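Novice: No sequence on hand, only this structure:
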């Protein structure tokens with residue numbers, strides 16, 4: 001797809017005319033709330049407690065907040081991949097919880113359709129929290145006086161009536177409150193403040209929208225910007241690990257899945273299987289090695305990058321895309337690589353400006369964390 005060069009003054013003229021809903025952060029749309037899990041302040045408070053409770057792991061040392069630390073933009077930066085019980089390492093970098101409410105699917109391979117489904121998986125994964133089933137969690141929430149009172153108040157349930165469904169609904173409700181916008185970019189583009197970005201950052205925005213082609217996947221709408229197309233792409237990251245044996249690996253994995261192997265356990269427990277990406281979920285060869293487009297909001301605070309944490313800095317990421325999906329120019333692409341990934345021919349100044357622009361997507365509260 002070819003994007004015509006765009007005059008930045010067009011964006012400024014549009015920005016002046018756009019007024020976001022007062023109830024929403026500048027730059028984001030209303031948060032989608034499922035009909036079967038309405039929000040309430042009590043439910044959110046309960047969800048936060050569950051999110052931070054380390055007792056829901058075999059070692060009583062790992063909670064959801066271990067890998068999604070509110071003081072690290074809800075990631076575990078600077079870790080390459082996340083660590084669970086007994087310092088066991090998975091295969092994937094922890095994505096931020098911030099603005100996850102807008103994601104159409106969850107996890108790098110999109111294996112869960114909503115936050116409720118996502119919340120239940122880490123408890124049972126051998127390299128995350130390590131439980132064999134949900135019994136230890138339910139024992140705690142049914143018998144702990146504070147939890148019992150909260151579940152009764154929020155869901156009208158007690159004792160055996162409390163199931164993992166109520167637990168994950170509460171966690172999901174808490175996660176839906178983790179919304180982050182109001183960045184300098186938002187003030188510039190949606191708020192009409194032409195001084196919110198300096199000259200280099202504005203040049204970087206032009207690169208983002210034109211020659212850099214970043215906006216093709218990290219989308220910007222007229223009234224808001226999620227900075228993700230919620231789709232899956234093979235970028236050539238880590239695929240060399242399985243490139244020579246991909247068909248054999250995929251065939252064996254599909255057989256194992258049919259025999260009952262769970263996708264989350266397989267992909268977090270084996271580096272090769274992890275590189276199957278979206279294919280591991282939908283068995284579509286067109287999705288081989290494809291991973292979900294992450295949001296770029298607060299990207300400055302969430303290093304390292306890519307599904308495997310293999311690129312350490314934003315400069316590394318820009319170089320990777322500039323090389324057409326190659327870490328080194330002498331590397332080769334794979335047969336499944338998304339067609340939109342090709343050399344950008346950016347010069348050094350353009351690359352520097354693009355990195356400067358990406359840092360304008362940081363929200364004020366996250367910017368404060370970076371300075372502390």
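Specialist: All right, it came through fine. This is a predicted model, so every value here is computed, not measured. Numbering: from 1, shown residues only.
Novice: and the spatially most central residue of the chain, how far is that from residue 222?
Specialist: The chain has residue 95 as the residue nearest its centroid, 3.8 Å off, counting by C-alpha atoms, centre = their mean. Distance of residue 95 to residue 222, given as C-beta to C-beta, to the nearest Å: 26 Å. Yep, even glycine has a C-beta here, placed from its N, CA and C like the rest.
Novice: Name the secondary structure element that contains the residue nearest to the centre of the chain.
Specialist: Counting by DSSP states H and E, there is no helix or strand that carries residue 95.
Novice: Let's verify the closest residue in space to it that isn't next to it in sequence: helix, strand, or coil?
Specialist: Once flanking residues are discounted, residue 95 sits nearest to residue 294: 5.9 Å by C-beta to C-beta, 6 or more residues apart in numbering. Three-state call for residue 294 (DSSP: H, G, I helix; E, B strand; the rest coil): coil.
Novice: Isn't residue 294 up against residue 92?
Specialist: No. Applying C-beta atoms under 8 Å as the test, residue 294 and residue 92 come out as separate, 11.5 Å apart.
Novice: mind listing the strands for the stretch 201-350 of the chain?
Specialist: Secondary structure of the stretch 201-350 of the chain (DSSP state E, counting those that start in this stretch): strands at 232-233, 291-292.
Novice: From the contact counts, what lies against the last one?
Specialist: Same thing as strand 291-292. strand 232-233 (3 or more C-beta pairs under 8 Å, 6 or more residues apart in numbering; DSSP states H and E).
Novice: now what about the strand it packs on, what contacts it?
Specialist: By C-beta atoms under 8 Å, 6 or more residues apart in numbering, the surrounding residues in contact with strand 232-233 are 109-110, 217, 277-278, 287, 290-293, 338, 340-341.
Novice: those helices in the stretch 1-150 of the chain, which residues are they?
Specialist: Listed in chain order, the helices of the stretch 1-150 of the chain (DSSP state H, counting those that start in this stretch) span 8-17, 41-51, 64-67, 115-124, 135-143, 145-155.
Novice: Off-centre distance for stretch 364-372?
Specialist: 19 Å (C-alpha atoms, centre = their mean, to the nearest Å).
Novice: same question, stretch 196-216
Specialist: Distance, stretch centre to chain centre, for stretch 196-216: 22 Å (C-alpha atoms, centre = their mean).
Novice: Of all the residues in that stretch, which ones are buried?
Specialist: Across stretch 196-216, burial judged by 16 or more other C-beta atoms under 10 Å covers 196-197, 201-209, 211-215.
Novice: So what's the residue count around the nearest residue to residue 269 once chain neighbours are set aside?
Specialist: In space, and not counting its chain neighbours, residue 269 is closest to residue 127: 6.0 Å by C-beta to C-beta, 6+ apart. For residue 127, the count of nearby residues is 21 (other C-beta atoms under 10 Å).
Novice: Could you list which residues are in contact with residue 127?
Specialist: Residue 127 is in contact with 84-85, 88-90, 268-269, counting by C-beta under 8 Å, 6+ apart.
Novice: circling back to that earlier point, lowest-confidence one in the contacts of strand 232-233?
Specialist: Minimum pLDDT across the contacts of strand 232-233 is recorded for residue 340, with 90.
Novice: What score does the spatially closest residue to residue 324 that is not a sequence neighbour have for pLDDT?
Specialist: Using C-beta to C-beta, 6+ apart and skipping residues adjacent in sequence, the residue nearest residue 324 is residue 343, 3.9 Å away. At residue 343, the predicted lDDT confidence score is 95.
Novice: Number of residues surrounding residue 343?
Specialist: Residue 343: 12 surrounding residues under other C-beta under 10 Å.
Novice: Wait, it touches residue 323, no?
Specialist: Yes. Residue 343 is within contact range of residue 323, at 6.3 Å (criterion: C-beta under 8 Å).
Novice: how near is the nearest residue to residue 176 once chain neighbours are set aside to residue 369?
Specialist: Leaving aside its sequence neighbours, residue 176 sits nearest to residue 101 (C-beta to C-beta, 6+ apart; 4.3 Å). Between residue 101 and residue 369 the computed distance is 20 Å (C-beta to C-beta).
Novice: what residues are up against the residue nearest to residue 272 when sequence neighbours are not counted?
Specialist: Once flanking residues are discounted, residue 272 sits nearest to residue 242: 5.2 Å by C-beta to C-beta, 6+ apart. Residues in contact with residue 242, defined by C-beta under 8 Å, 6+ apart, are 249, 272, 275-276, 289.
Novice: distance of residue 242 from residue 195?
Specialist: For residue 242, the distance to residue 195 (C-beta to C-beta) stands at 49 Å.
Novice: Over to residue 229?
Specialist: Distance from residue 229 to residue 195, by C-beta to C-beta: 30 Å.
Novice: which one of the two has more residues nearby?
Specialist: residue 229 (15 against 8).
Novice: quick one: residue 272 and residue 250 touch, right?
Specialist: No. Shown here, residue 272 and residue 250 do not form a contact pair, counting by C-beta under 8 Å, at 10.6 Å.
Novice: Give me the more crowded residue out of the two.
Specialist: A count of neighbours by other C-beta under 10 Å puts residue 250 above the other of residue 272 and residue 250, at 19 against 15.
Novice: and that one, what does it touch?
Specialist: Contacts here follow C-beta under 8 Å, 6+ apart; on that basis residue 250 touches 276, 279, 285, 288.
Novice: The last one against residue 234, yeah?
Specialist: When you say that, I think you mean residue 288. Yes. Using C-beta under 8 Å, residue 288 is in contact with residue 234, at 6.5 Å.
Novice: Go ahead and confirm residue 29 touches residue 223.
Specialist: Yes. Using C-beta under 8 Å, residue 29 is in contact with residue 223, at 7.0 Å.
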